[in-house]
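Student: Predicted model and sequence below, questions to follow.
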Amino acid sequence: MTNITPQLISRAQNAPLFLLSFRYRDELAAMASELGWRVIAARRSVGVVERFIASGAIIAVVDLRGARDEGIASVAALSEAVEANGAALLVISARGSTKPLAAALTAGATHVLTGNFGATNFMLALRSAERHALRMLVSGDPQRQRPDVWRDAYLGWEEHAEFVTLSPALTARLKADRSALTLDKFLALLPKAAQALINEAIVQIRADGLPRAITHKLSALDAANVAHHLRRDPITLGLQGLVELPIDAPAAVVTPFKDALTGLNTLAAARQRVSQQRAEPKLVLMISLTRFEMINAAFGRPTGDAVLRTLSKRIERAVDNLSSDEPFVARVAGTTFLVSLADHLTSAKRIVGTLIADIERPVIADGHEVSVGCCVGGVMTEPGEAPTDLIRRASAALAQARLKGESASYILDEKVDEAFGTSAELETGLRNALDRNEIDVLFQPQVSISSGEIVGVEALARWQHPVHGMLGAGTLFAVAERSDYLNALSAHIQKRAAAAAAAWPPALAHLRVAINVTAQDIARAGFAASFLKLLDDAGFPRQRLTVEITESGLIGDLSAAANLLAELRSGGCRVAIDDFGTGYSSLAYLKALPLDYLKIDKALAQDITGNVRDRVVVRGVIDMARSLGLSVIAEGVETEAQLAALAEQGCNYYQGFLCSEAIDSAALEKLVTAR
């Protein structure tokens with residue numbers, strides 16, 4: 001591994017492996033673990049880009065078996081983040097499935113593995129992917145450049161299904177249009193003598209499968225021949241060609257530091273820029289264009305390329321106007337750009353707003369008026385920061401911006417960055433914490449506004465993490481959802497809460513207990529019966545139990561939710577919608593469900609002491625609930641002013657720090673007795 005330093009090898013060995021497998025997650029994770037990899041494994045594609053970035057992995061593995069279309073979509077979603085972070089993307093497919101692999105390669109896969117492979121083949125595929133990633137890690141240092149490091153520096157082509165993809169170097173050499181290029185169209189770009197030789201070689205390769213090498217001119221103006229190596233890819237069965245230039249010819253017609261399409265700097269140039277940065281902090285922005293595939297589909301790739309060139313110039317001009325101290329712009333992946341400015345964090349909002357406005361102005365390209373959207377993530381550089389670390393942080397900020405929707409931006413601060421960086425660690429530790437019974441349950445009191453009496457509690461998950469301290473329910477359930485442990489965490493909390501409440505002393509025997517049920521619980525066949533059995537086995541009275549489910553969880557399958565809640569109510573429980581006001585808040589939606597309580601989200605409850613519009617919104621929610629015969633509970637009440645305003649509007653109950661934070665059973669008994 002020339003130019004791969006021991007430090008980089010150590011970095012690769014310490015980096016985790018990110019794995020997405022819809023059917024064989026556990027088996028692949030176990031195999032990779034036995035091979036020495038630390039594995040971050042997922043079974044669902046939700047949040048796959050964010051999870052990959054957060055993991056810090058240099059290899060992403062996507063297993064297409066069992067969910068081919070979703071897997072290919074995940075490859076496409078991951079491709080730009082993988083490329084921007086200099087990683088590798090290994091795709092696994094069943095034996096004989098060449099079309100999915102061809103689609104995955106087109107979508108951005110760098111490596112493939114097929115068939116009923118064992119540990120040895122899996123290890124070889126991972127090591128090959130690791131070698132690719134290590135080469136990408138050294139690519140930012142001009143002293144370490146090698147021609148074989150640069151995918152854009154060779155004159156090559158590949159046939160995927162009915163289309164041919166040219167390397168940027170060959171595209172530039174032939175002055176070709178890369179959109180929807182068939183094999184015949186590609187050959188037509190070459191001299192007739194070359195076409196005849198290549199066609200003859202292709203016929204022979206398709207007959208016996210053996211590679212061929214021929215010599216010919218790339219154009220009539222060339223003085224010397226090139227060596228053209230032709231072969232059939234054993235995985236996709238498509239043809240591949242590698243054009244070897246004469247020794248005295250330039251090895252590449254595009255430099256690794258300039259993008260062939262836009263003329264901007266490349267990812268390699270961005271890495272070099274970061275490695276040479278001075279101590280002064282800089283604002284680094286990662287910009288991703290949205291709706292771009294729609295432009296390519298509607299108007300063709302030539303129009304899409306023209307739009308990219310126009311937007312690249314816009315970004316350059318905008319950056320020049322925003323900063324006077326050597327601004328820097330690079331195209332780091334297909335529709336992802338990196339901008340570096342000598343500005344402070346306080347200027348970020350203004351800068352990002354200007355960039356978004358410029359990018360989203362309509363573009364005239366090839367006679368068409370088109371518009372694109374964008375998302376922007378930003379970070380401040382840190383002295384001595386490695387290029388890969390900075391680009392990972394910027395990618396993480398961009399991933400957060402994408403979650404907010406189009407035209408959104410997100411500036412990653414130190415607190416968020418720390419949380420994002422540790423999320424992969426938390427995912428790994430959650431399973432062990434559940435097995436060791438480290439996830440505890442605390443209870444937050446619910447108080448009658450009219451009498452001041454504590455009438456119930458909500459059971460809330462807590463994890464006393466050995467490194468990160470006390471982690472609340474929001475963090476726990478977010479980590480569980482990303483790591484596919486949501487069902488296990490939900491069942492653990494339900495069982496532990498019921499057991500704890502069943503053992504309460506007489507002073508607490510009158511309290512209702514609210515336990516949360518997730519959207520995945522609703523989707524599980526037979527959940528209502530198993531939940532009622534859990535209460536009975538714990539010895540907790542059903543009539544004192546309130547099931548709480550978030551409004552967004554109900555929306556997924558309204559009919560299933562209605563049936564589940566009706567079964568729980570007929571079994572003796574009561575039902576509440578939690579966090580009302582964060583989702584769709586439809587009156588017809590509420591009328592369709594068998595409910596007893598409506599819980600106002602804490603953001604709404606805290607807004608009630610704001611302006612007139614805030615109070616009108618809260619009053620409308622309370623009036624709507626009362627018209628349906630529902631009691632109303634306000635969450636997050638922290639001040640006497642909020643409580644007085646809620647009482648004036650007719651709210652029945654509240655919970656929040658004004659009464660108490662979430663506490664254990666012993667503290668709850670003291671609080672109830674004292675009141």
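Tutor: All right, it came through fine. Residues are numbered from 1 along each chain as shown.
Student: This protein - how does it break down into domains?
Tutor: For the chain, automatic domain parsing gives the domain ranges 6-138, 154-244, 267-412, 435-674.
Student: The third one - what's its average pLDDT?
Tutor: Averaging the model's pLDDT scores along domain 267-412 yields 81.
Student: can you give me the strands for the stretch 351-500 of the chain?
Tutor: 363-365, 368-370, 373-380, 409-411, 439-448, 454-465, 469-471 (DSSP state E, counting those that start in this stretch).
Student: and the third one, C-alpha only, in PDB?
Tutor: Extracted in PDB, the C-alpha atoms of strand 373-380 (Å, rounded to 0.1, in the frame of the first residue of the first chain):
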ATOM      1  CA  GLY A 373     -33.900  23.800  -4.200                       C
ATOM      2  CA  CYS A 374     -31.100  23.300  -1.800                       C
ATOM      3  CA  CYS A 375     -30.100  22.500   1.800                       C
ATOM      4  CA  VAL A 376     -27.100  23.900   3.600                       C
ATOM      5  CA  GLY A 377     -25.100  22.600   6.600                       C
ATOM      6  CA  GLY A 378     -22.300  24.600   8.200                       C
ATOM      7  CA  VAL A 379     -19.500  24.200  10.700                       C
ATOM      8  CA  MET A 380     -16.600  26.300  12.000                       C
END
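Student: helix, strand or coil for the residue of the chain positioned farthest from its centre?
Tutor: Here the centre of the chain is the reference, and by CA atoms, centre = their mean the most remote residue is Ala223, at 50.5 Å. Judged by DSSP: H, G, I helix; E, B strand; the rest coil, the three-state class of Ala223 is coil.
Student: Would you check how far apart it and Ala194 are?
Tutor: 15 Å (CB to CB, to the nearest Å). Using the backbone N, CA and C atoms, a C-beta is placed for each residue, glycine as well.
Student: Does Thr336 have any beta-bridge partners, and if so which?
Tutor: Note on Thr336: beta-bridge partners Ser288, Ala333, judged by DSSP bridges.
Student: Sketch out the low-pLDDT regions of the stretch 151-300 of the chain for me.
Tutor: Residues of the stretch 151-300 of the chain meeting the criterion pLDDT under 70: 151-154, 161, 178-180, 234-236, 244-257, 276-279.
Student: can you give me the strands for it?
Tutor: 155-160, 163-166, 212-216, 226-232, 239-244, 283-290.
Student: Need the per-residue pLDDT for Asp69.
Tutor: Per the predicted model, pLDDT is 86 at Asp69.
Student: And it, which helix or strand is it part of?
Tutor: For Asp69, the element it lies in under DSSP states H and E is helix 68-84.
Student: For the very next helix or strand once past that helix, which helices and strands make contact with it?
Tutor: Once the chain leaves helix 68-84, the next helix or strand it forms, by DSSP H and E, is strand 88-93. Counting contacts by 3 or more CB pairs under 8 Å, 6 or more residues apart in numbering; DSSP states H and E, strand 88-93 packs against strand 59-63, helix 68-84, helix 98-107, strand 111-114, helix 119-138.
Student: now for the ones you listed, which one comes closest to Val39?
Tutor: strand 59-63 (9.2 Å; CB to CB).
Student: Okay, angle between that closest one and helix 68-84 too, please.
Tutor: For strand 59-63 against helix 68-84, the angle by axes from the mean of the first three to the mean of the last three CA atoms, to 10 degrees is 170 degrees.
Student: Just name the most buried of the helices and strands packed on strand 88-93.
Tutor: strand 59-63 (a mean of 28; mean count of other CB atoms under 10 Å).
Student: Perfect, that will be all.
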